[in-house]
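> Here is my input; please provide its structure:
(one chain, ligands or ions: 2)
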Amino acid sequence: MAIERTFSILKPDATRRNLTGKINAKFEDAGLSIVAQRRIQMTTAQAESFYGVHRERGFFRDLVTFMTSGPVVVQVLEGENAVLANREIMGATNPANAAAGTIRKEFAESIEANSVHGSDSAENAAIEIAYFFAGCDIPG
Ligand code: IDP
Ligand code: MG
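Ligands and ions are numbered 1, 2, ... in the order given. Presented below is the predicted three-dimensional model:
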């Protein structure tokens with residue numbers, strides 16, 4: 001297995017309920033290191049571009065409104081098989097289907113306000129990391 005990086009977002013429902021520490025503990029307890037992290041307010045243009053793959057979906061406009069409804073924490077996580085490992089720590093998109101012990105099972109409010117984003121492939125992780133972080137912001 002290889003050491004990888006993945007991109008993560010703690011969504012507005014998580015920052016609003018002061019859950020960033022509890023969620024970060026889940027990453028660290030599972031062996032992922034937070035190698036870069038910044039709290040930002042996403043603009044509408046940033047959210048539209050970030051979720052551009054979902055532009056045609058019925059939930060797109062609501063999703064953009066939600067992602068810009070409060071601050072988010074953008075992160076780079078690093079560890080063994082980080083992309084897949086993080087998807088497992090997060091749990092299924094719909095918290096009703098998420099496994100016990102996952103972030104979404106424990107913390108998500110709904111299929112939309114589901115507390116975290118995580119890249120779905122190494123290729124997308126590289127694109128998403130580069131969208132929010134300069135190389136010099138990620139200590140080696
Ligand atoms: P993922 O976050 O598990 O990768 P995606 O299918 O990529 O799930 O969807 C991106 C985000 O869009 C989800 O995390 C969730 O916030 C929102 N979303 C996905 N499906 C729905 C839906 O059916 N209704 C409302 N929001 C949704
Ligand atoms: Mg996705």
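
> which one is G118 nearest to, not counting chain neighbours?
N86 (4.4 Å; Cβ to Cβ, 6 or more residues apart in numbering). Where C-beta positions appear, they are placed from N, C-alpha and C, glycine not excepted.

> And for the one you found, the neighbour number?
Residues lying near N86 (other Cβ atoms under 10 Å) number 27.

> close to ligand 1, is the helix or strand harbouring it?
Using DSSP states H and E, N86 sits within helix 82-90. No: figure legend: helix 82-90 not in contact with ligand 1 (Cβ under 6 Å from any ligand atom); closest approach 7.0 Å.

> Grab the nearest non-local neighbour of M67.
A47 (4.3 Å).

> Can you name the next helix or strand after the strand or helix carrying that neighbour?
Using DSSP H and E, A47 falls within helix 44-50. As assigned by DSSP H and E, the chain's next helix or strand after helix 44-50 is helix 60-67.

> Who are the packing partners of that next one?
The helices and strands touching helix 60-67, judged by 3 or more Cβ pairs under 8 Å, 6 or more residues apart in numbering; DSSP states H and E, are helix 12-16, helix 44-50.

> near ligand 1, which residues of this protein?
Residues of the chain lying near ligand 1 (Cβ under 6 Å from any ligand atom): H54, F59, L63, T93, I111, E112, N114, H117, D120.

> how about a cut-off of 5 Å?
Proximity of the chain to ligand 1 is confined to F59, L63, T93, I111, E112 under the rule Cβ under 5 Å from any ligand atom.

> Give the ChimeraX command for selecting the buried subset of the residues you listed.
Buried members of the residues of the chain next to ligand 1, defined by 16 or more other Cβ atoms under 10 Å, are picked up in ChimeraX with:
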select :63,112
